[in-house]
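J.: Sequence first, predicted coordinates after that:
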Amino acid sequence: MSTTAWEVNFDGLSGPTHSYGGLSYGNVASTENQLNISNPKEAAFQGLKKMKTLHDLGLKQGVLPPHERPDFNMLRRLGFAGTEAEIVEKANQVDMRLPFSCFSSAGMWVANAATVSPSSDTRDGRVHFTPANLVSEFHRSIEAPFTGRVLKRIFSDDRHFSHHEPIPGSLYLSDEGSANHLRLCRLYNEPGVEIFVYGRETPRQGVKYPTIYPARQTRESAMAVKRLHELRNDATLFIQQNPVAIDQGVFHNDVICSGDRNLLWYHEDAFLDGPGAISAIQKMCAERYGITLKAIQTTNRQLTIDQAIQSYVFNSQVVTLPDQSQCLIAPSRCCEISSALTCIDEFVEGSGIQHVRYVDLAQSMLNGGGPACLRLRVVLTDEEISHVHESVLLTELLYECLVGWISRNFRDRLHIDDLADPLFLRECQETLDELTAILNLGSLYEFQR
Ligand code: SUG
């Protein structure tokens, strides 16, 4: 095949309301850091710096805008009336999680925004997008409409891009997007095997499911995404996540497994039937597309699940650089945990990865979001890239503009009381308004309509 294709990482910018609401049950960091004072400015800079690191490595990098928060309309829909300060006070009296949910900047973890299938995998030869319904957590369930709008604006040419509605919201069909989706291939311009990892399905006798924490992804929603994206039956796999891992806080598969092209790095306890899963992946990769899978396992003896969650080592991004060498973008938290560092050494040795970069994402990590959570992977050919809304692709100039935008607008300290400040709402809207001008996205937010 002569076309060139790239994996473009689109990262979510953290918004001016970045906060710690303790909103995600089953996400240990979110619960442990509830009510910490947040630093939205630092969060935004850390995320932007990660994007710049990838850009400087020669990769194509995109930027996705934050969602419109605070979402007072949502609090009004829930029956709270009055001034903004009164609404926050009343909602807070009922349940602190209500105001936090409508202020949350969780839309930054765009690995959960959607599932994306590249054109080489789909029957109609277009790139397919399905925004995730995220119904498992209220504060995230309100993201899907805006996600859909942004993706349609950035990937607007329907000759190349196909957009689906989110899967209907119900627990039976709960969908967490690409955090539970892997794609393996030889080269980005070639078709690949798409793997959907789920935690729950209509119960079947003898199959174990988590009993402590919720399994956020169902098999049924993954199957619907597969149908919508017109993926080939013989190049798609559905694999069950290990309920034991979910019950210890592995709320998404990307907390315990990572991959790029023919490389798959996974923890021994990632899947319910680890050996069975790996041999099925290996077989499909080899038989369907001649992909020689390099599967690297980290055992419990090397790293416990708890250490995987503390370090977020599997939430590293594995990326292919323009010279075809591979690089691991790992959270700098790993440097503080010796077993995680040793795992990285062993993984680098076993996989032949040539480079490792550490990125400090402390503000995001306190909410359970590492490097891979912050990005949505979109594999695009040169032709498709030429139809992407260009102003969201990172350049030196855009980087400088965003540095100025964050410096001017973001607070370096945010407490729940600040959320009730009527000036804060205006401040957030002005900040987002300025961003849509920088990214040339037109009227994107409700307050701009
Ligand atoms: O959905 N945390 C996010 C973290 C998402 C991580 N994404 C991936 N693994 N791909 C979540 O649990 C916490 C928000 C708070 O508590 O304020 C939060 O939403």
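T.: Cool, the structure landed. Remember, it's a predicted structure, so these values are computed and weren't measured experimentally.

J.: Show the model's pLDDT score for Met1.
T.: The confidence metric pLDDT takes the value 50 at Met1.

J.: Tell me the residues on this structure that lie near the ligand, please.
T.: Contacts of the chain with the ligand, taken as C-beta under 6 Å from any ligand atom, map to 19-24, 27, 30, 104, 106, 109, 111-112, 137, 140, 179, 252, 254-255, 367-369, 373. Glycine gets a C-beta too; all of them are placed from N, C-alpha and C.

J.: Swap in 5 Å and give it another go.
T.: Counting by C-beta under 5 Å from any ligand atom, the residues of the chain lying close to the ligand are 21, 23-24, 27, 30, 106, 109, 111, 179, 252, 254, 367-369, 373.

J.: Show me which pair in those residues is furthest apart.
T.: Spatially, the most separated pair among the residues of the chain next to the ligand is Gly21 and Asp254, at 21.6 Å (C-beta to C-beta).

J.: Compare these two and say which is more crowded by neighbours.
T.: Asp254 (28 against 25; other C-beta atoms under 10 Å).

J.: where does the more buried one land in three-state SS?
T.: helix (DSSP: H, G, I helix; E, B strand; the rest coil).

J.: wouldn't it be in contact with Val313 here?
T.: No: counting by C-beta atoms under 8 Å, Asp254 stays clear of Val313, with 11.6 Å between them.

J.: what's the distance between the residue lying closest to Tyr358 once chain neighbours are set aside and His389?
T.: Spatial nearest neighbour of Tyr358, excluding adjacent residues (C-beta to C-beta, 6 or more residues apart in numbering): Ser332 at 4.2 Å. Counting by C-beta to C-beta, to the nearest Å, the gap from Ser332 to His389 is 32 Å.

J.: Gln310 now?
T.: In terms of C-beta to C-beta, Gln310 sits 38 Å off from His389.

J.: which one of the two has more residues nearby?
T.: Gln310 (20 against 17).

J.: Which residue is most remote from the mean position of the protein?
T.: Of all residues in the chain, Gly82 has its C-alpha farthest from the mean position, at 35.1 Å, by C-alpha atoms, centre = their mean.

J.: so what pLDDT did it get?
T.: pLDDT, Gly82: 95.

J.: Now do the SS call for it.
T.: With three-state DSSP as the criterion, Gly82 reads coil.

J.: got a pLDDT number for the residue nearest to it when sequence neighbours are not counted?
T.: Counting by C-beta to C-beta, 6+ apart, Gly82 lies nearest to Lys90, which is 7.0 Å off, once chain neighbours are set aside. Per-residue confidence (pLDDT) for Lys90: 94.

J.: again, but for the one 3 residues further on
T.: Gln93 is assigned a pLDDT of 94 by the prediction.

J.: Look up how far the ligand lies from it.
T.: Distance, Gln93 to the ligand, using C-beta to the nearest ligand atom, to the nearest Å: 19 Å.

J.: In contact with that residue, which residues are there?
T.: Gln93 makes no contacts at all, as judged by C-beta atoms under 8 Å, 6 or more residues apart in numbering.
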